[in-house]
Each structure stands twice: as C-alpha cells, then as structure tokens.
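[1] Structure here, sequence nowhere to be found:
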C-alpha cells in the first residue's frame, strides 16, 4: 500500500530544463534539473518518491521523459490541463508568471484539489497516438500541396520543374498517410480495441476512421467519469460570458482538445442529420426554434460525442430505442 501523500511536488516543464518546487520545513524548496532521462533519474533517486505526489502540465513531447521516469519508479503522477493551473494562479492572485511561480502553483493545485492519477498508455496505444499525431500533420501538408498545384494549374505555361517537385512530394506524403492509417487499425489480437471500434461504428453515421481515431486517443474512455466530462474535454461544451447586463463575447463551444477529432465529428454530424433518426430530430427541432444551421450542427456533434461515450462505457451497441445519454 502506498504511503499517504504529504508533499506535493510542482514541476514546470520546458524543452531543456525542469523547474521543481515543493514545500519544505523552511519554506519552498527548489530544484533545477536538466530534461534528460539520466538527470531526472538521478534527481528522483536523491529525492525519493514515497509520500510525494508529482504534478505537471500537459506539455506534449517535452514532458514524456519526465513522465516515463516517474511512472517507472512507481511515483504518483498527475498531468493537468494548463487551464487548471492558470485558473489556480488567478485564484491565488498571482501577478507574476514565470517558471518558479508556475511550479509553485502546480504544487498548490495538487494540495487543494483531488487530481486523477496519470495512467501510462501501453506500447500499442502509444504508437497509435504518435501515428495519429503524424497523420494529422501530413494531412494538412497534403491539402497545402494540393492547393499549390491547383494554383499552378491556372498559370500560363507553369514551370514544369516546380510542378513535378510538388507532385513528387505530394505522392510521398500520400504514401506516408496510407502507412499511418494502417497503424491506426487495431490488430487482430487487440480484442478490446476491436470491440470498442465495433461499438462506436454501430452508431449510424459514425464511420470506421472516426471510430479508430477515438480508440487511438481515448482507449476505453476509462479516464472520463461522465459523457459531459468527455464532451468538455474534446471542446464541445458550450461556454458564455454573462454577468448582469454585461455580455462579453458570443456563446460558443470551448474548442479545447483535438481539432482533428472535432473535424471528424463535424463530418459525421453532416451525415447524421440525414440518416441518424435521433440526430435528425435534434437538428430539425433546433432549426424550428430559429437556431442557425451551424449551431444546430454543433449540437449534433455534441450528441454524437455523448452517444460514443455511452456505447463504449456501457459495452452495448447503439440502439436508438433504448440508449439514453
């Protein structure tokens, strides 16, 4: 049984260095550690992990070495949304923002809030997530190359060397995209992943690529307690800024999380308003209330996200007559 936590260690991560703060007998204790596996391992060996909870922000690739070492030695780790630490800094009335202040804020955040412990994805999930990230980048590059070639097609006597160069690069990118798409398909021995994909595609208008992308990024959705929490995580929760008679900005969605996931859901929603009875009814009801088409389509995206969460967590295929999300 792990010892109860009594020290919360805040870690601000950058490309080259980790700024680490935690409360000690004589005030805040600070460490500067080079962002390498060996340096982090040496620091942890000297500090020890028993009775400590390590808190850091999600910083993409820069935090991967730190997380790997922490998990490998059995440390308690929480990876928080940067918006949480920013909100905590505001609550603490911090007027300065620097690495020391950020690390201190993360330590206080861990002490004041009950944070979920980070669960390291297995090697297969890790590879699929990396493939998904590379795929999203290459698909953007593919579209840029197509746009450039389209523009060249309107030139009078375009430079054949330039056109050939763009065509060659486009072919290379498209070949790489095909290889990455294969990486996102669960192997035959990944029974849970395959089963999850099958559950998601049982929802009318949700396709195989969308289902594979959801499984790649979220696994079996074990990190989310409710459909509302999941919809918020991917940026589909409504947000507004209203106080008395003051209205700042328009009502919109938060747009947190992966824009690629929202783009996939957008395409699914366009199909769902025609072929999915529940989504079609929702879309038409909102349009009858004079809601614009974009807002109604966003509501359908939100509905699909909740349906996806529902079938995965319940383990039951989609049934419009019985599933209530």
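    Now that the structure is in, tell me what you want to look at. Note that the structure is a prediction, hence the values are computed from the model and not measured. Numbering: from 1, shown residues only.
[2] What are the buried residues along stretch 287-304?
    296, 297, 298, 299, 300, 301, 302, 303, 304 (16 or more other C-beta atoms under 10 Å). Where C-beta positions appear, they are placed from N, C-alpha and C, glycine not excepted.
[3] Please produce CSV containing those, extended by secondary structure and pLDDT.
    As requested, the buried residues of stretch 287-304 are exported to CSV (DSSP: H, G, I helix; E, B strand; the rest coil; pLDDT from 0 to 100):
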residue, secondary structure, pLDDT
296, helix, 90
297, helix, 91
298, helix, 90
299, helix, 91
300, helix, 93
301, helix, 93
302, helix, 92
303, helix, 92
304, helix, 94
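[4] closest to residue 284 among these?
    Nearest to residue 284 among the buried residues of stretch 287-304 is residue 296, at 8.4 Å by C-beta to C-beta.
[5] distance of that closest one from residue 146?
    Distance, residue 296 to residue 146, by C-beta to C-beta, to the nearest Å: 30 Å.
[6] Ok, residue 226 next?
    Distance from residue 226 to residue 146, by C-beta to C-beta: 40 Å.
[7] Compare the two (neighbour count), which wins?
    Counting neighbours by other C-beta atoms under 10 Å for residue 226 and for residue 146 shows that residue 146 has the greater number, 14 against 11.
[8] what number of residues lie near residue 159?
    Using other C-beta under 10 Å, the number of residues around residue 159 comes to 10.
[9] pLDDT wise, what is it at?
    pLDDT recorded at residue 159 is 94.
[10] Residue 308: what's its closest spatial neighbour, skipping adjacent residues?
    Closest residue in space to residue 308, ignoring its immediate chain neighbours: residue 200 at 5.5 Å, by C-beta to C-beta, 6 or more residues apart in numbering.
[11] Against which helices or strands is the one helix or strand the one you found maps to packed?
    Following DSSP states H and E, one finds residue 200 within helix 191-201. Judged by 3 or more C-beta pairs under 8 Å, 6 or more residues apart in numbering; DSSP states H and E, the packing partners of helix 191-201 are helix 208-218, helix 293-314.
[12] in it, what's buried?
    193, 196, 197, 199, 200, 201.
[13] how near is residue 278 to residue 19?
    49 Å.
[14] and the end-to-end length of stretch 13-30?
    Using C-alpha to C-alpha, to the nearest Å, the end-to-end distance of stretch 13-30 comes to 14 Å.
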